[in-house]
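Novice: Sequence below, structure please.
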Amino acid sequence: MKKNVFRDSVTASPWQTIGKPEVGTATNLTEIFDTVIIGAGITGITTALMLQQAGQKCIVLEAGNVGYGTTGGTTAHLNTFFDTTYPQIESDFSKEAAKLVAQTGKDAIAIIKGYIDRYQADCDFEYKDGYLYSENERETKELKEILESSAEAGVEVEEASENGVKVPFESVIRFGNQAQFHPMKYLSTLVKAFTDMGGIVLENAFVTDRKSKDGLSEVITDKAQIKGRNVVYATHLPPGITAFSLRCAPYRSYVIGARLKNEQYPHGLTYDMQEPYHYFRTHEIEGQKYLIVGGEDHKTGHDNPEEAFANLESYLRQYYEVESIDYRWSSQYYVPVDGLPYIGPMAAADEQVYIATGFNGNGMIFGTISGKIISDQILGIENPYSQLYSPSRLKPIAGFSEFVKENADVAWRFVADRFGTEELKAVADLKPGEGKVVEFDGDRLAVYKDAGGKVTALSPVCTHAGCIVNFNAAEQSWDCPCHGGRFDTSGKVLCGPPQKDLEQIALPQK
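Specialist: Have a look, this model is predicted:
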């Protein structure tokens, strides 16, 4: 089993065993592109392919490599129901909005299947039944409401007598025409189609700035300066401090890929209703079946990632006889304050800069539909979803309580991280592979000791908005608890809105 890692984390997902997609050599970077897309995950590549197919000349800029971010770490569930439930959408938006969201799921799956058929993609696509089950009276009441609202929204759903897994349940509903696939095989197919049509993918090109002049955007990277008529941020949050820094909260989800002793692998997609919830499915990687179990989600930089993995493994072993756990990985997503993603022009006054963010745990669906929405908007084609997912919308009632909760946490971090901390142990007490924010000669340092005993010291102040980073031992990274910026142990930006690395601090020599 290969363990090559081509993503923004040290843990490897099973999707990466195929290696990195081929992108060719980028040339003619001095021309003016119709659209510059930043981010080479499912959102960026789908958008680029749709625009290139329509006759545009596009370039995709990626700080790492294709699939470096969430697409390389997803569990690749394709659903017509979402983390924000239909009763919530009805209450916070409208019944018409719930129907549009339901159609979003159907259309996204159809787009994915259409590309698979068109390009004969061997990406393990399968239609599956999806099961959502309750374990107590409160959950059962909520499940009944979900059943009724989902059916009214136009989703294929009914009561069922099984939940597809070995976990006891009280009640269960079944969603038809759900699906799963291998996300990196699919993404590789889209990249090949895009580059075959003349599209350019420039990897290892970290965007440091964007400037507007004479109706064009100049996107500045550490490799080249790229000019384009339109810019699409397919990167979760756009760089810098924007309104979306406060309207989207970063979360991490944890996943285990396990081989079972008795071949009792689930046949569908299954979800419980716990908080945080768990999700299950099966996938065959290089001839070996794996039970993929995820959950234990928490805000980035807050709880203990190693504990999250331990809890997830303990949960799995309650119900399944595990032969081995071959994969453990985590991935990041952003939760919007009012429950629905932001897709479209980043600001009403600037329709040449677009954003797609706030997908919650449904990135493959919303990333795909973002490509359709944004490409239509750039091409001047009316799209039925534009208004619903507009980034300029404001739902004060729907989003206010979540906005207050998430940003009160951010404000607390600004104060507590600076003035409420206790004196920590000395640098010498660090264990190999451990990182801590410590007090050293009156200054605060983010200090990491590698396996060889070498100590690296960084400023712990996130370069995005000034919060203090925390160490993620599972991913060997410094994670910002405010807006999800992540840095490797040398201080280099891994993902999120920061545009600058953490400052390196020279420690006095013995």
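Novice: Helices along the chain, start to end?
Specialist: 42-53, 86-92, 95-119, 137-153, 183-196, 244-247, 305-319, 363-379, 396-419 (DSSP state H).
Novice: Tell me where this protein is predicted with low confidence.
Specialist: Within the chain, the stretches with pLDDT under 70 are 1-5, 348-350, 394-429, 440-442, 507-510.
Novice: same thing but 80
Specialist: Residue ranges of the chain with pLDDT under 80: 1-5, 27, 239-243, 245-246, 347-351, 394-431, 438-444, 451-454, 506-510.
Novice: tell me the most buried of the helices of the chain?
Specialist: helix 42-53 (a mean of 27; mean count of other CB atoms under 10 Å). Every C-beta, even on glycine, is put in place using the N, C-alpha and C of the backbone.
Novice: and that one with helix 363-379, angle?
Specialist: With axes from the mean of the first three to the mean of the last three CA atoms, to 10 degrees defining the directions, helix 42-53 sits at 30 degrees from helix 363-379.
Novice: Against which helices or strands is helix 42-53 packed?
Specialist: Helices and strands touching helix 42-53, by 3 or more CB pairs under 8 Å, 6 or more residues apart in numbering; DSSP states H and E, are strand 32-38, strand 58-61, helix 183-196, helix 363-379.
Novice: For those, give me JSON lines that also has distance to Gly240.
Specialist: Listed next are those as JSON lines, based on distance: least, CB to CB, whole Å:
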{"stretch": "strand 32-38", "distance to Gly240": "13"}
{"stretch": "strand 58-61", "distance to Gly240": "16"}
{"stretch": "helix 183-196", "distance to Gly240": "27"}
{"stretch": "helix 363-379", "distance to Gly240": "20"}
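Novice: Out of these, which gets nearest to Lys213?
Specialist: Distance to Lys213, taken as CB to CB, is lowest for strand 32-38 among the helices and strands packed on helix 42-53, at 11.9 Å.
Novice: What strands flank that closest one, and is each parallel or antiparallel?
Specialist: Counting by DSSP bridges, the strands paired with strand 32-38 are strand 58-61 (parallel), strand 225-233 (parallel).
Novice: Check those strands for me and report the most buried one.
Specialist: Of the strands paired with strand 32-38, the one with the most neighbours on average (mean count of other CB under 10 Å) is strand 58-61, at a mean of 28.
Novice: who's in contact with Ile365?
Specialist: When contacts are counted by CB atoms under 8 Å, 6 or more residues apart in numbering, Ile365 is found next to Leu78, Asn79, Phe82, Thr104, Gly105, Ala108, Ile109, Phe359.
Novice: What number of residues are in the vicinity of the third one?
Specialist: Right, Phe82. Using other CB atoms under 10 Å, the number of residues around Phe82 comes to 22.
Novice: Am I right that it is in contact with Leu100?
Specialist: No: contact criterion CB atoms under 8 Å: Phe82 and Leu100 do not qualify, at 12.0 Å.
Novice: Distance-wise, check Val23 relative to Ile378.
Specialist: Distance from Val23 to Ile378, counting by CB to CB, to the nearest Å: 22 Å.
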